[in-house]
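Enquirer: predicted structure and sequence below. I'll ask about it afterward.
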Amino acid sequence: MKSVLGLPILAVVLLLAPINSADAAFCGAARHRCCKPCCAADYCGCKQVCHTVMKTCKEVVYEKQQYTCFKTVSKPVYETKTIDCVKYVPETRMRECVYNVSKPVYETKFRTCTYTTCKPVYETKTKTYNYTVCKPVYETKTKTTCYTVCKPVYETKTKNICYTVCKPVYETKTKTYCYTVCKPVWETKTKNICYTVCKPVYETKTKTYCYTVCKPVYETKTKTTCYTVCKPVYETKTRDICYTVCKPVYETKTRCYTVCKPVYETKTKTYCYTVCKPVYETKTKNICYTVCKPVYETKTKTYCYTVCKPVYETRERECCYTVCKPVHYTKVVKECCGRWETRVSECPGPVVCKCVQEPGCWVWDPCCCRCCYKPGACKQVKIQCPPVKTCKKVWVPEVREKTINCVKYVHETVVKKVPYTCCKMVAEQKTKTCTYQVCRMVPEQRVKTCTYTVCKMVPEQKTKTCTYTVCKMVPETKTCTYQVCRMVPEQRVKKCTYTVCRMVPEQKTKTCTYTVCRMVPEQKTKTCTYTVCKMVPEQRVKTCTYKVCKMVPEQKTRTCTYQVCRMVPEQRVKTCTYTVCKMVPEQKTKTCTYTVCKMVPEQKTKTCTYQVCHMVKECHTKQVPYTCCRMECQKVVKQVPYTVCKPVHYTKTVQVCKMVCEKVPYTVTRCCPKVVCKQVPVKVCCPAPCGAESDCSAKKDCGCGSEG
């Protein structure tokens, strides 16, 4: 850039170096010969001559340009896959198990037993004995009892309860922690881009075409229409209506009826009846009775019996059962996984508005006899900021092969010896000695006197007089008068007036005015001027300045303020009011009336009749059944259930997720820099050499003329 700016200055210096005299008019660009000479002292005081030179500068202007970018998006694609699975279903099976069972067989046998029976022979006897009876004599007494009653007295008391309340105390604390910030450092680079611009060349053409227009012509017409109107004519008429009315006729009638009137009569009747009156008579009777007095005698008897004694024996039997034995094997499966990758994407910077001044121009000022620079107008130009790099995490899917350990169950038959116990009943003879008592009844004669009462019913004749009422119905005749209503029909005539409406047709005429629109075609001509744009390609070269962002890590410190809540215990006192119930003893007196039963002894005599049992010995024989147990060995087949895990193969459809990378286009607007050359005035001052023509070059009034 410095070399570009130095070239115009060097060119001006080389042009001005061989010139011996300088012309003042138009900044040295013209020579004035007719001007009066200026003061030599003023000219010699001027050490240098300043010149304004137009300098070509390059300005970068940003143009908006849209381009299409592609980003890679991982899209999940679900694929349906059928896999074979195995599930184990438990199945119950039955197997036969043979074992020996000792089954007891019971047999009933009979043996003959001889035994002696004492047969009782009853004898009735009478016995008189004296006894004392305590006869109760009741006596009423009064007793005064003192007792204590606890009367409740309620008293209200107050109690202070101390309790602790945790009061929150908030404390503000500060915490400082360091973190790293990546600071962007922008570096400007330049790149030359060749591009083709299609320059539009506009050409104006004319085209004439004819068209037809339908012009509406409106015409008014009149039409007469005849129509019929029905006019109502009302007429009043009268007619007679005959109707029947039922008129009530009342008639009085008399009816006779009989009523039975009750007449009551009181009568007396006497009847005799027999009453049996009991007469009691006391009699005494002596009863002789025999009492069998038992005499006990102890005897001993020995008898043999058989006992089946169980003998237990342990045996073994073989049982077959199926065991599911696990077999481990390895299987390779595909696993959908992936990883996160950090990708850097460059986003165009924002477009900001910037105030840019347009280049000025040089304007001749006749008052000052020189060219003045007029600056250009300021305008708002939209400039795009440098692009921003964004880091984002992208999920990159991948399918890995993973080896997993699987277990399958293989059925294996195992023979197992199972011990079992057999019970065998062995018969054993035993002897038992029993001691028993024999009761022998010894008869004894006794006499008893019994007193008994005999009740004898003596008949007695009695007479009873009864009074009763007899109701006798006496007939009585009465007369009743009643009214009968009879409806008699009567013919009547009524005059009815009514209105009849009759429609009379009437002819009328109506005139209608209507407009008819008729379209008349008309030919017209129209000339159209249109512009045709033809794009002429033009090759251009532009220098693009772009910035590269380099992230430089920078350590920063941030201070955070946070609140800590600390619970401070605070002692408080609470007053509680409670009621105390105090039982106050109170003495009371109660008078009780009670009855005292005093037993007075009284002598009485009683005669009892009793029976004396006299035992007579009698020999009997009976068949006594007894049961013998005999053990028989028997083979039994038993169905034993066992569970087998049966593999069931089934097919399962699963959705396998597969990540497919897909490029998605998106449009980005960026500002491309464009270099524009413009002329900028630059003031250059050079030292002026002293010469022959220097008097005229320093004149003040140079407005008389100029020469090229």
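Expert: That came through, no problem.
Enquirer: burial count for Cys210?
Expert: Cys210 is surrounded by 8 other residues when neighbours are defined as other CB atoms under 10 Å. Any C-beta I mention is one placed from the backbone N, CA and C, and that applies to glycine too.
Enquirer: right, and Pro262 touches Lys472 too?
Expert: Yes. The pair formed by Pro262 and Lys472 meets the contact definition of CB atoms under 8 Å, at 7.3 Å.
Enquirer: the stretch 301-450 of the chain: strands as residue ranges?
Expert: With strands called from DSSP state E, counting those that start in this stretch, the stretch 301-450 of the chain shows them at 351-357, 361-365, 370-374, 378-384, 388-687.
Enquirer: need those in JSON lines with mean neighbour count, can you?
Expert: Formatted as JSON lines, the entries for the strands of the stretch 301-450 of the chain read as follows, by neighbours: other CB atoms under 10 Å:
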{"stretch": "strand 351-357", "mean neighbour count": "11"}
{"stretch": "strand 361-365", "mean neighbour count": "12"}
{"stretch": "strand 370-374", "mean neighbour count": "13"}
{"stretch": "strand 378-384", "mean neighbour count": "12"}
{"stretch": "strand 388-687", "mean neighbour count": "10"}
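Enquirer: could you dump these to TSV with mean pLDDT and distance to Lys109?
Expert: Below are these laid out as TSV (pLDDT from 0 to 100; distance: least, CB to CB, whole Å):
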stretch	mean pLDDT	distance to Lys109
strand 351-357	83	128
strand 361-365	83	157
strand 370-374	82	158
strand 378-384	82	128
strand 388-687	79	6
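Enquirer: for Arg95, find the nearest of the ones you listed.
Expert: When the strands of the stretch 301-450 of the chain are ranked by distance to Arg95, counting by CB to CB, first place goes to strand 388-687 at 5.5 Å.
Enquirer: quick one, that closest one and strand 370-374 angle?
Expert: Here the directions of strand 388-687 and strand 370-374 differ by 170 degrees (axes from the mean of the first three to the mean of the last three CA atoms, to 10 degrees).
Enquirer: and the angle from strand 388-687 to strand 361-365?
Expert: Angle, strand 388-687 to strand 361-365, by the same axes, to 10 degrees: 30 degrees.
Enquirer: direction included, what does strand 388-687 pair up with?
Expert: strand 48-347 (antiparallel) (DSSP bridges).
Enquirer: can you give me how far the partner strand is from the chain middle?
Expert: The gap between the average C-alpha position of strand 48-347 and the chain average comes to 16 Å, counting by CA atoms, centre = their mean, to the nearest Å.
Enquirer: the inter-axis angle of it versus strand 351-357?
Expert: For strand 48-347 against strand 351-357, the angle between stretch directions is 170 degrees (the same axes, to 10 degrees).
Enquirer: follow-up on the earlier one: export the strands of the stretch 301-450 of the chain as TSV, with columns for distance to Glu318.
Expert: Listed next are those as TSV, based on distance: least, CB to CB, whole Å:
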stretch	distance to Glu318
strand 351-357	96
strand 361-365	125
strand 370-374	126
strand 378-384	96
strand 388-687	6
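Enquirer: for Arg339, which of those is the nearest?
Expert: Comparing these by their distance to Arg339 (CB to CB), the top pick is strand 388-687, with 5.5 Å.
Enquirer: my read is that Glu428 contacts Thr306, right?
Expert: Yes. With contact taken as CB under 8 Å, Glu428 and Thr306 are classed as touching, separated by 7.1 Å.
Enquirer: and Glu123, how close does it get to Lys221?
Expert: Taken as CB to CB, to the nearest Å, the spacing of Glu123 relative to Lys221 amounts to 163 Å.
Enquirer: give me the more crowded residue out of these two.
Expert: A count of neighbours by other CB under 10 Å puts Glu123 above the other of Glu123 and Lys221, at 19 against 9.
Enquirer: so how far is Lys293 from the more buried one?
Expert: To Lys293, Glu123 is 12 Å away according to CB to CB.
Enquirer: overlap in contacts, those two.
Expert: In the contact map built from CB atoms under 8 Å, 6 or more residues apart in numbering, the residues linked to both Glu123 and Lys293 are Pro443.
Enquirer: ok now do the closest residue in space to Arg518 that isn't next to it in sequence, which residues does it touch?
Expert: The spatial neighbour of Arg518 that comes closest, neighbours along the chain excluded (CB to CB, 6 or more residues apart in numbering), is Val217 at 4.9 Å. With contacts defined as CB under 8 Å, 6+ apart, Val217 is in contact with Cys517, Arg518, Met519, Val520.
Enquirer: the first one contacts Cys214, doesn't it?
Expert: No. The pair formed by Cys517 and Cys214 falls short of the contact definition of CB under 8 Å, at 10.6 Å.
Enquirer: of the strands of the stretch 301-450 of the chain, which is nearest Cys113?
Expert: Nearest to Cys113 among these is strand 388-687 (5.0 Å), distances taken as CB to CB.
Enquirer: quick check: angle from that closest one to strand 378-384?
Expert: Direction vectors for strand 388-687 and strand 378-384, defined by the same axes, to 10 degrees, enclose an angle of 140 degrees.
Enquirer: centre of the chain versus strand 388-687, how much separation?
Expert: Using CA atoms, centre = their mean, the mean C-alpha position of strand 388-687 is found 16 Å from that of the whole chain.
Enquirer: tell me the bridge partners for Glu265.
Expert: Beta-bridge pairing of Glu265 under DSSP bridges involves Val470.
Enquirer: and it, how many neighbours?
Expert: Should you count by other CB under 10 Å, Glu265 turns out to have 9 residues around it.
Enquirer: hang on, it packs against Lys472?
Expert: Yes. Between Glu265 and Lys472 there is a contact at 6.3 Å, judged by CB under 8 Å.
Enquirer: any chance of TSV for the contacts of Val217, columns distance to Val77?
Expert: Conversion of the contacts of Val217 to TSV gives the following (distance: CB to CB, whole Å):
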residue	distance to Val77
Cys517	68
Arg518	71
Met519	65
Val520	70
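Enquirer: who are the contact partners of the nearest residue to Pro104 once chain neighbours are set aside?
Expert: Computed as CB to CB, 6+ apart, the closest residue to Pro104 that is not its neighbour in sequence is Cys629, at 5.1 Å. With CB under 8 Å, 6+ apart as the criterion, the residues that contact Cys629 are Pro104, Val105, Tyr106, Cys308, Met425.
Enquirer: leaving out sequence neighbours, find the closest residue to the third one.
Expert: The spatial neighbour of Tyr106 that comes closest, neighbours along the chain excluded (CB to CB, 6+ apart), is Thr627 at 5.2 Å.
Enquirer: how about Cys367, phi and psi?
Expert: Reported as degrees, to the nearest 10, the phi and psi values for Cys367 are phi -70, psi -40.
Enquirer: what's the burial count for it?
Expert: As a burial measure, Cys367 scores 6 neighbours (other CB under 10 Å).
Enquirer: where's it relative to Val454, distance?
Expert: With distances taken as CB to CB, Cys367 is found 190 Å from Val454.
Enquirer: could you do Met599 as well?
Expert: Between Met599 and Val454 the distance, using CB to CB, works out to 34 Å.
Enquirer: any idea what Met94 is bridged to?
Expert: The residues that Met94 bridges to, once DSSP bridges is applied, are Pro641.
Enquirer: mind checking pLDDT for it?
Expert: We note a pLDDT of 84 for Met94 in this prediction.
Enquirer: that one contacts Thr643, correct?
Expert: No. Assessed by CB under 8 Å, Met94 is found out of contact with Thr643, at 11.1 Å.
Enquirer: next up, the contacts around the nearest residue to Val418 once chain neighbours are set aside.
Expert: Of all residues beyond its chain neighbours, the one nearest Val418 is Cys319 (5.0 Å), with distances taken as CB to CB, 6+ apart. Counting by CB under 8 Å, 6+ apart, Cys319 touches Cys97, Val415, Lys416, Lys417, Val418, Val640.
Enquirer: now distance to Lys299 too, for those, in TSV please.
Expert: Putting those into TSV (distance: CB to CB, whole Å) gives the following:
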residue	distance to Lys299
Cys97	57
Val415	65
Lys416	62
Lys417	59
Val418	56
Val640	59
